[in-house]
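Undergrad: Provide a 3D model corresponding to the input given below.
(4 chains)
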Protein chains: 4
Amino acid sequence: MSKDQRETARTEAFSDGVIAFAITLLVLNLKDPLLDPTLAKGSLFQGLLAQWPAFFAFIISFATILVMWVNHHNMFTYIRRVNTTLLFLNGLLLFFLVFTAFTTSLLANHVGIEQTVDGRTAAALYSGNAILLGAVWSTISYYCARTGLVPGRPGGYRYLIGPAPYAVSFALSFFSAFLSMVAVLIIAGFWTIASRGFWRIALARTE
Amino acid sequence: MSKDQRETARTEAFSDGVIAFAITLLVLNLKDPLLDPTLAKGSLFQGLLAQWPAFFAFIISFATILVMWVNHHNMFTYIRRVNTTLLFLNGLLLFFLVFTAFTTSLLANHVGIEQTVDGRTAAALYSGNAILLGAVWSTISYYCARTGLVPGRPGGYRYLIGPAPYAVSFALSFFSAFLSMVAVLIIAGFWTIASRGFWRIALARTE
Amino acid sequence: MSKDQRETARTEAFSDGVIAFAITLLVLNLKDPLLDPTLAKGSLFQGLLAQWPAFFAFIISFATILVMWVNHHNMFTYIRRVNTTLLFLNGLLLFFLVFTAFTTSLLANHVGIEQTVDGRTAAALYSGNAILLGAVWSTISYYCARTGLVPGRPGGYRYLIGPAPYAVSFALSFFSAFLSMVAVLIIAGFWTIASRGFWRIALARTE
Amino acid sequence: MSKDQRETARTEAFSDGVIAFAITLLVLNLKDPLLDPTLAKGSLFQGLLAQWPAFFAFIISFATILVMWVNHHNMFTYIRRVNTTLLFLNGLLLFFLVFTAFTTSLLANHVGIEQTVDGRTAAALYSGNAILLGAVWSTISYYCARTGLVPGRPGGYRYLIGPAPYAVSFALSFFSAFLSMVAVLIIAGFWTIASRGFWRIALARTE
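TA: Numbers count the residues shown, from 1 in each chain, chains lettered A, B, ... in the order given. Modelled structure (predicted):
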């Protein structure tokens, strides 16, 4: 392996470590309902059913972070070398990814069937963080193409796509926390299908 | 390393990270008994003895996840390249693996000598999750063989073996949480012996 | 890969793992304000605003550890082989890095707008730990150059730079916890710009 | 890389992940003393001083696990290939290593200046776990040499050295928890110096 390849590999490995840890930490938001004194007592089964928002938040965040890992994986397929700027942009990406573990815990605690102000606050914070995450993705794509870290050319406005879908879930959060979360799940589904093609188009047109 | 090898290696590395964290997180289910106000006060030694279900659940889940890592390791020995579908099937596998940390905590809190409804609920949830885990294993095996990601051929119904043993522990959980858990431990022992041979037969017959 | 390269790569991988977990664990210092009985009740939004020191501490520590990872990455670009002494010096570095997760939690709980003795204690402990961290960096740089683990020569007093900036934030902590933390953030910014150049000058003059 | 090398590398990577996580989790045993309602109120500084056993336990366990990682690293320098038995022996090693995070938390809570039964129980459990850990080390060394996974020959009784030093700290724990812990620290120091030499002698005599 060349020095460029080794540095790129180590950046991937560090990112994988952070993403793997962030995705695993999400499980700590699932709690034994019978150990929570604020919940009404009943059987374990009833307690787990009442805790469905926590499971819903777990599934959404696991899907979102998993898609982001696949996306990261696909992006680095095209990255030939890293520089200090990319290391810090990547660090910023990891920052918002790790923060997702916190916004997920707020969702788990406050989103429910009844519409509450706190539920909408949690959903807005979740989507707001996702918008910033998308913006960093856009910046990284643009930066890599512009500086030749990937063998492509800057591609106009297509890099703005990153934060755009989460703007929809953010707007929805002011009306319904639940609908906002469904939007986040749909966005994860969209990226599941679009991820590899997006990077192929956006970054590797000269291959 | 070729590009295919690098992508496969990164998928292994990410999976290793998630599995390593999930297996280590299990230790957080072991608590200092003297810090738990719901337990009767006594010596540390008595408290630890009374907490045996937590140790039992820790051992079972550590063994189960370790066997799954060995299984994953053996499977990837035969996988030559990854595609986006495999990345998401692998992600689904990691989802249920991480969820095991939660079902283990429920077991640790509710399985005991006396037979309770909550103990059986916890055991049923644990086995139910393991059935889904086994089903994803089966799907991955079948998908890899069918699409040529491994140098084998689809092998009929043998891929259905994944979820089958856990169906036994699931059925047992309606009668006795403890017996159900013993079955899970026996299944881990079975895979310990069978794992390498299984992948050799199922996936690599053309080598 | 030669044996030297493999050993170096494994040391990097282990360090990456520890740093990745330490940086991700910081998110556990962010708590749902409505679950904390010691805080005045209000909306989730008000609770989050009141918790700004926790977010401030999270950002500072994330930035500091990220910079240290980039620094570690840049340093290992020049390291050709490891020996047992370097493994333990590296372990000492990881010790203080992991300890940062604890000093961050103290900051998150005790730094606020009003000046308190406890806030200054937390800031002093944070900076004190950072001084030790800087001293280990200096020792590693000096050791690597002196023993030929990197292709450079010992470079006089320039290795003392590691702990020096944190001595400023330590001194500030006796007057204002907040100013001390701002200084830590500025130091992270300084290293962001200086890291790569520092290692190039300090360690690789003979390349 | 050959297939043997890839499998060995992945085993190292998984072990590194578990060890890195276990060593980082230790920091969760350090708690903000002012958030603990069972402690007498006072300044943060006083609270931290009163919590010295937690810091002592953190240092001891960090040193012990770090030494074990270096030891693992040195051992794998000589291992040429892995088989399923070695994967499970390695898994058993990781089990007791992860368990150390729990025995450390018991130490942190119960070892103090005054001699208590619970402090001695915690110290005995810590040393008991370390004895099992040493026994697994011995088994792995013997197994690797006997089966030719390393290019050496079985070396008589020298493999019994693993658990022996911890038998001393175990015996001491019945008299004084503190002295027992000091012994553990001395053993970590011994392995710091002896690790590389031990593996060179024990496993690689034919090189």
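Undergrad: quick one: the longest helix belonging to chain A to chain centroid distance?
TA: For chain A, the helix that runs over the most residues, judged by DSSP state H, is helix A:117-147. Here helix A:117-147 is found 8 Å from its chain centre; the criterion is CA atoms, centre = their mean, to the nearest Å.
Undergrad: count of residues packed around the closest residue to A:L89 other than its chain neighbours?
TA: Once flanking residues are discounted, A:L89 sits nearest to A:I140: 5.0 Å by CB to CB, 6 or more residues apart in numbering or on different chains. (Each C-beta comes from the backbone N, C-alpha and C, glycine too.) Counted with other CB atoms under 10 Å in any protein chain shown, the neighbours of A:I140 add up to 22.
Undergrad: Repeat that for A:D36.
TA: Neighbours around A:D36, by other CB under 10 Å: 12.
Undergrad: What pLDDT is listed against it?
TA: Listed pLDDT for A:D36 reads 70.
Undergrad: And A:I201, by the same measure?
TA: pLDDT at A:I201 comes out at 58.
Undergrad: about what we covered before: list the helices and strands the longest helix of chain A packs on?
TA: helix A:52-78, helix A:84-110, helix A:164-173, helix A:177-203, helix C:44-50 (3 or more CB pairs under 8 Å, 6 or more residues apart in numbering or on different chains; DSSP states H and E).
Undergrad: Where among the ones you listed is average confidence lowest?
TA: Taking the mean pLDDT of the helices and strands packed on helix A:117-147, helix A:177-203 comes last: a mean of 75.
Undergrad: Could you pull up the contacting residues of A:I193?
TA: Listed by CB atoms under 8 Å, 6 or more residues apart in numbering or on different chains, A:I193 has no contact partners.
Undergrad: mind listing what's buried in the longest helix of chain A?
TA: Buried positions in helix A:117-147, judged by neighbour count with 16 or more other CB atoms under 10 Å in any protein chain shown: A:118-138, A:140-145.
Undergrad: what's the closest non-adjacent residue to A:R81?
TA: Among residues not flanking A:R81 along the chain, A:D4 sits closest, at 3.9 Å (CB to CB, 6+ apart).
Undergrad: meant to ask about A:I187, not that
TA: A:P165 (4.5 Å).
Undergrad: Verify the stated contact: the one you found with A:F190.
TA: Yes: A:P165 lies in contact with A:F190 (CB atoms under 8 Å); the separation is 6.8 Å.
Undergrad: And the two? Which one has more around it.
TA: For A:P165 versus A:F190, the count of surrounding residues by other CB under 10 Å is larger for A:P165: 20 against 12.
Undergrad: Please report how far the more buried one lies from chain C.
TA: Distance of A:P165 to chain C, computed by CB to the nearest CB, to the nearest Å: 24 Å.
Undergrad: same check, this time on A:W137
TA: From A:W137 to chain C the distance is 18 Å (CB to the nearest CB).
Undergrad: Give the full set of residues in contact with the nearest residue to that residue once chain neighbours are set aside.
TA: Take A:W137 and drop its neighbours on the chain: the residue closest to it by CB to CB, 6+ apart is A:G162, 4.0 Å away. By CB under 8 Å, 6+ apart, the residues touching A:G162 are A:133-138, A:141.
Undergrad: hmm, 7 Å instead?
TA: A:134-135, A:137-138 (CB atoms under 7 Å, 6 or more residues apart in numbering or on different chains).
Undergrad: For chain C, what's its nearest residue on chain A.
TA: At 3.1 Å from chain C, A:G17 is the closest residue in chain A, using CB to the nearest CB.
Undergrad: what helix or strand is that residue on?
TA: Per DSSP states H and E: A:G17 is located in helix A:3-25.
Undergrad: For that helix, buried residues please.
TA: For helix A:3-25, a neighbour-count test (16+ other CB under 10 Å) marks A:6-25 as buried.
Undergrad: Tell me the residue of chain A that sits nearest chain B?
TA: Taking CB to the nearest CB, chain A has A:A20 as its residue nearest chain B, at 3.1 Å.
Undergrad: so who does that residue touch?
TA: B:14, B:17-18, B:21.
Undergrad: Can you give me the distance of the spatially closest residue to it that is not a sequence neighbour to B:L133?
TA: Of all residues not flanking A:A20 in the chain, B:G17 sits nearest, at 3.1 Å (CB to CB, 6+ apart). Distance, B:G17 to B:L133, by CB to CB, to the nearest Å: 18 Å.
Undergrad: now A:V70
TA: For A:V70 relative to B:L133 (CB to CB), the value is 20 Å.
Undergrad: what does chain A have sitting close to chain C?
TA: Contact residues, chain A versus chain C (CB under 7 Å from any CB of the partner chain): A:7, A:10, A:13-14, A:17-18, A:21-22, A:25, A:84, A:87-88, A:91, A:95, A:98-99, A:101-102, A:105-106, A:109-110, A:117-118, A:121-122.
Undergrad: Identify the residues contacting the closest residue to A:H72 other than its chain neighbours.
TA: Nearest residue to A:H72, sequence neighbours excluded (CB to CB, 6+ apart): A:S15, at 6.1 Å. When contacts are counted by CB under 7 Å, 6+ apart, A:S15 touches A:72, A:90, A:94.
Undergrad: picking that back up, closest to chain A out of the contacts of A:A20?
TA: Nearest to chain A, judged by CB to the nearest CB, of the contacts of A:A20 is B:G17 at 3.1 Å.
Undergrad: Could you count how many residues lie near the nearest residue to A:I23 once chain neighbours are set aside?
TA: Of all residues not flanking A:I23 in the chain, A:I65 sits nearest, at 4.6 Å (CB to CB, 6+ apart). Neighbours of A:I65 under the rule other CB under 10 Å: 25.
Undergrad: which ones are touching A:I65?
TA: For A:I65, counting by CB under 7 Å, 6+ apart, the contacting residues are A:19, A:22-23, A:97, A:100.
Undergrad: Name the nearest of those relative to D:P53.
TA: A:A22 (31.8 Å; CB to CB).
Undergrad: from what I can see that closest one touches C:I23, true?
TA: No: applying CB atoms under 7 Å, one finds A:A22 not in contact with C:I23, separated by 9.8 Å.
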